[in-house]
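Novice: pasting a predicted model and its sequence here:
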Amino acid sequence: MPDTWTTLKVLTWTKGYLAEKGVENARLEAEWLLCAALGMDRVGLYVNFDKPLTAAELTACRALVSRRARREPLQYILGSQDFYGLDFEVAPGVLIPRHDTEILVREAAGRCPPAGRVLDIGVGSGCIAVALAKELPGIEMTGCDPSSAALELAARNAARHAVVLALVAGSLFEPFQGMMFDLIVSNPPYIPSADLDTLQAEVRDHEPRQALDGGADGLDFYRRIIPEAPCHLVPGGWLLLEIGMGQAADVRGLFEAADKFTEIFSARDTGGIERVIGGRKW
Ligand code: GLN
C-alpha cells in the first residue's frame with residue numbers, strides 16, 4: 001500500500017480491484033466512480049492525478065467502489081442512464097433502460113397519431129413513455145406499473161423532462177377497464193425463469209426480477225397482453241411490444257392467433273436482433 005493515496009494511485013488500485021471482481025471496463029468505470037465520488041469531471045480527475053486525497057475523499061471513493069465491486073450496476077451507483085438521447089434518473093428496484101429498447105420508441109412514434117392516447121404497460125423508469133412524449137408533444141401519455149418504486153421514479157423522470165405522464169398503479173390492463181387507446185406499448189418481462197440465474201451478476205443480483213421474469217418460456221406476458229389489448233385499442237390502433245432474442249416467431253404467432261390484428265410487423269435493433277413486434281387492430 002502506498003503511503004500517500006494520490007488520485008492516480010487510487011485510480012490504479014481501483015482499476016485492478018474491479019477487474020479482479022469481474023468488472024469488464026475496469027479502467028473506465030474506475031474513472032467514472034472516482035469522478036462521482038470526488039465531484040469532478042474526467043479532466044478534473046486527470047489534472048489532479050498527483051493530488052493526495054483527504055480522508056473524507058478516500059471514504060467517499062471507497063463507498064462507491066465497494067458497491068461496484070459487489071457488481072451493482074454502474075448506473076445505479078451513478079444514478080443515471082442515457083436513453084433516446086435523454087438523461088434518465090435510475091435507481092435500484094427499477095430496470096435500467098437499455099439502448100435496445102430505443103427501437104420500440106422509434107417504431108411507436110412513427111405510428112402514433114399526433115394527439116393520440118398512448119398507454120405504456122410496465123412503465124418502469126418511464127424511459128419509453130417520456131421519450132415518446134418528448135417526440136410527440138401532443139399525445140396523452142399514460143403509464144402503469146405494479147411497482148411503486150417504478151411509479152415514483154417515472155414521475156421524477158417526467159418532471160425532469162417536463163412532460164405530463166398519467167401514472168397508475170396496477171398490473172397490465174387491470175386499471176383500465178373500459179378505456180381506449182390509439183397506441184399501446186410495452187417492454188414486458190421476457191426472460192425465461194430458468195435463464196435468470198445465467199444472466200450477468202449485475203442483472204441477476206441487482207435488477208428487479210419482477211421486471212425480467214417472463215415465466216417458464218418467457219412468453220407469459222405476451223399471452224396476457226396480446227389477447228386483451230384489442231379491447232383497449234380503437235380501430236386502427238397499434239400494439240407494439242419489445243421481445244427477447246429468438247421470440248419473434250412465437251410472439252408473431254400470438255398476434256395472429258388473436259385474430260384481431262393486421263399489418264403485423266417486426267423491427268430489428270441496432271444489433272440486428274428482432275426486438276419489436278407490432279400489429280394494428282382492424
Ligand atoms: N433486455 C433486458 C435484458 O436483457 C430484459 C428486459 C425484459 O425482460 N423486458 O436484461
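Specialist: Yep, it's here.

Novice: from now on I want contacts and neighbour counts done on CA atoms only, so please keep to that.
Specialist: Will do.

Novice: the stretch 151-282 of the chain: strands as residue ranges?
Specialist: Chain-ordered strands for the stretch 151-282 of the chain, with DSSP state E, counting those that start in this stretch as the definition, fall at 165-169, 181-186, 233-242, 261-268, 274-281.

Novice: report the buried residues of stretch 155-166.
Specialist: Ala155, Arg156, Asn157, Ala158, Val163, Val164, Leu165, Ala166 (16 or more other C-alpha atoms under 10 Å).

Novice: among the residues you listed, which one sits closest to the ligand?
Specialist: The closest of those to the ligand turns out to be Asn157 (C-alpha to the nearest ligand atom; 19.1 Å).

Novice: which bits of the chain sit near the ligand?
Specialist: Within reach of the ligand by C-alpha under 6 Å from any ligand atom, the chain has these residues: Asn187, Pro188, Pro189, Tyr190, Ile191, Ala211, Leu212.

Novice: out of those, grab the one that's most surrounded.
Specialist: When neighbours are counted by other C-alpha atoms under 10 Å, Pro188 leads the residues of the chain next to the ligand with 27 neighbours.

Novice: what residues does that residue make contact with?
Specialist: Contacts were defined as C-alpha atoms under 8 Å, 6 or more residues apart in numbering; by that measure Pro188 touches Ile121, Gly122, Ala211, Leu212, Gly214, Phe221, Tyr222, Leu241, Glu242, Ile243.

Novice: for Leu78, state which of those residues is nearest.
Specialist: Within these, the smallest distance to Leu78 is 20.7 Å, found for Ala211 (C-alpha to C-alpha).

Novice: Cys61 versus the closest one, what's the distance?
Specialist: 30 Å (C-alpha to C-alpha, to the nearest Å).

Novice: residue ranges with poor pLDDT in the stretch 151-282 of the chain?
Specialist: By pLDDT under 70, the stretch 151-282 of the chain contains no weakly predicted segment.

Novice: next up, the contacts around the residue most central in space within the chain.
Specialist: Most central in the chain under C-alpha atoms, centre = their mean is Pro97, positioned 2.0 Å from the mean C-alpha point. By C-alpha under 8 Å, 6+ apart, Pro97 lies in contact with Gln81, Asp82, Phe83, Ser125, Cys127.

Novice: so what pLDDT did it get?
Specialist: In the predicted model, Pro97 carries a pLDDT score of 98.

Novice: quick one: secondary structure of it?
Specialist: Pro97 falls in the coil class when you classify it by DSSP: H, G, I helix; E, B strand; the rest coil.

Novice: how about the helices in the stretch 151-282 of the chain?
Specialist: With DSSP state H, counting those that start in this stretch applied, the stretch 151-282 of the chain shows helices at 201-206, 220-228, 248-258, listed in chain order.

Novice: what does the stretch 1-150 of the chain give?
Specialist: Secondary structure of the stretch 1-150 of the chain (DSSP H, counting those that start in this stretch): helices at 7-20, 26-38, 42-47, 55-69, 74-78, 102-109, 127-135, 148-160.

Novice: deepest of those, which one?
Specialist: Here the criterion is mean neighbour count by mean count of other C-alpha atoms under 10 Å, and of the helices of the stretch 1-150 of the chain the winner is helix 127-135, at a mean of 24.

Novice: from the contact counts, what lies against that one?
Specialist: In terms of contacts (3 or more C-alpha pairs under 8 Å, 6 or more residues apart in numbering; DSSP states H and E), helix 127-135 is packed against helix 102-109, strand 140-145, helix 148-160.

Novice: who's in contact with that helix?
Specialist: Taking contacts as C-alpha under 8 Å, 6+ apart, the residues outside helix 127-135 that touch it are 83-84, 86, 88, 97, 101-102, 104-105, 108-109, 120, 123, 139-143, 154, 157-158, 161, 163-165.
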